[in-house]
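this one's structure only:
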Ligand SMILES: Nc1ncnc2c1ncn2[C@@H]1O[C@H](COP(=O)(O)OP(=O)(O)OP(=O)(O)O)[C@@H](O)[C@H]1O
């Protein structure tokens, strides 16, 4: 018996060795895979990502993401914590270069364009930008200073048209009565609305909102969802990309969805096709029931 075991072991070693040799020969014969070539950017796309991968510390935060957003589309990006939503938005807003892949924003290709000229055409509201707003800045200046892409008013001159636009945007989000207040004295809900007004100040061609309803109470969330629904339904409004964890925060008027899990796209496309109980369950890694009523969604575990 001992001999049989030994010969089996020896056989196994011999087999592994042969496999290794065959593998090495195959390797030598197979040329390295050609680097992926990307299609020319779609001229009609506001955002056009092809094969976008972002790698940090050996981990792929985004994996081969292909995504196109057109002018008249309003997207929601959904996914659990750590799925890569903020990373995706940072790439799409020209704040982050991918490790691999091709990124075209508003017809300009990252790497071939001065991002400082591109960024004012993109309205962005995110937690990391919000953290940098000085607490002692007046609300009207928080919005106005977006015209120069600065945070904190210094010696810049603003004309009457800028001041009027700033007031109109504050009114659109129901915070014009706070114009003279210091930003640091606002509630979280009031701050969120001021941040969106600021993001719209430069009349951007695409508006990107990263978790605009995070930290809001029920009333604050519902008020914001209603205002975002008005914006999303306005044909004159810019293309919209809204990031959230919660289907309850999807405003009526959103037309498309991208679902992200572990940096990879689970589903992307028109809302009714991309957002289903099945895709949502796969995205969040648990069995979910998805309900829809009057254009609003809700989800719960099965
Ligand atoms: N510089 C970095 N180095 C290593 N890992 C990073 C780095 N930046 C982000 N990550 C990781 O990448 C993953 C994706 O982060 P990202 O902020 O894009 O996710 P998210 O979907 O926006 O998450 P959340 O919903 O919690 O805000 C997370 O696991 C995060 O810890």
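Received it, and whenever you're ready, just let me know what you need. All figures in this text were calculated on a predicted structure; none of them were measured in a lab. Numbering: from 1, shown residues only.

Tally up the residues packed near the nearest residue to residue 136 once chain neighbours are set aside, please.
Distances taken as C-beta to C-beta, 6 or more residues apart in numbering place residue 182 nearest to residue 136, at 5.6 Å, with adjacent residues excluded. All C-beta atoms are positioned from the backbone trio N, CA, C, and that covers glycine. The number of residues packed around residue 182, counting by other C-beta atoms under 10 Å, is 15.

What's the separation between residue 182 and the ligand?
From residue 182 across to the ligand, the span is 28 Å (C-beta to the nearest ligand atom, to the nearest Å).

same check, this time on residue 40
Going from residue 40 to the ligand by C-beta to the nearest ligand atom gives 28 Å.

What does whichever residue of the stretch 201-302 of the chain sits closest to the ligand show for phi and psi?
Nearest residue of the stretch 201-302 of the chain to the ligand, counting by C-beta to the nearest ligand atom: residue 245, 5.8 Å away. Dihedral pair for residue 245: phi -100, psi -20, per degrees, to the nearest 10.

residues contacting it?
By C-beta atoms under 8 Å, 6 or more residues apart in numbering, the contact set of residue 245 is 78, 79, 80, 81, 211.

What is the burial count for the fourth one?
Read it as residue 81. 6.

Excluding covalently adjacent residues, which one is nearest to it?
Counting by C-beta to C-beta, 6+ apart, residue 245 is the residue found nearest to residue 81 once chain neighbours are left out, at 7.1 Å.

Next up, the contacts around residue 246.
The contact partners of residue 246, by C-beta under 8 Å, 6+ apart, come to residue 213.

Look up phi and psi at it.
Residue 246 has phi and psi values of phi -120, psi 130 when expressed as degrees, to the nearest 10.

now swap in the one 10 residues further on and tell me
Here the main-chain torsion angles of residue 256 (degrees, to the nearest 10) amount to phi -140, psi 160.

So it is in contact with residue 75, correct?
Yes: counting by C-beta atoms under 8 Å, residue 75 is a contact partner of residue 256 at 4.6 Å.

if I look at residue 31, how far off is residue 53?
Computed with C-beta to C-beta, to the nearest Å, the distance linking residue 31 and residue 53 is 22 Å.

ditto for residue 86
Counting by C-beta to C-beta - residue 86 and residue 53 are separated by 16 Å.

partner residues bridging the residue nearest to residue 136?
residue 138 (DSSP bridges).

Local confidence estimate at it?
For residue 182, the model assigns a pLDDT of 95.

Identify each buried residue in stretch 66-81, please.
Burial within stretch 66-81, assessed by neighbour count using 16 or more other C-beta atoms under 10 Å, is assigned to 67, 68, 69, 73, 74, 75, 76, 77, 78, 79.

average model confidence for stretch 99-116?
Stretch 99-116 shows a mean pLDDT of 93.
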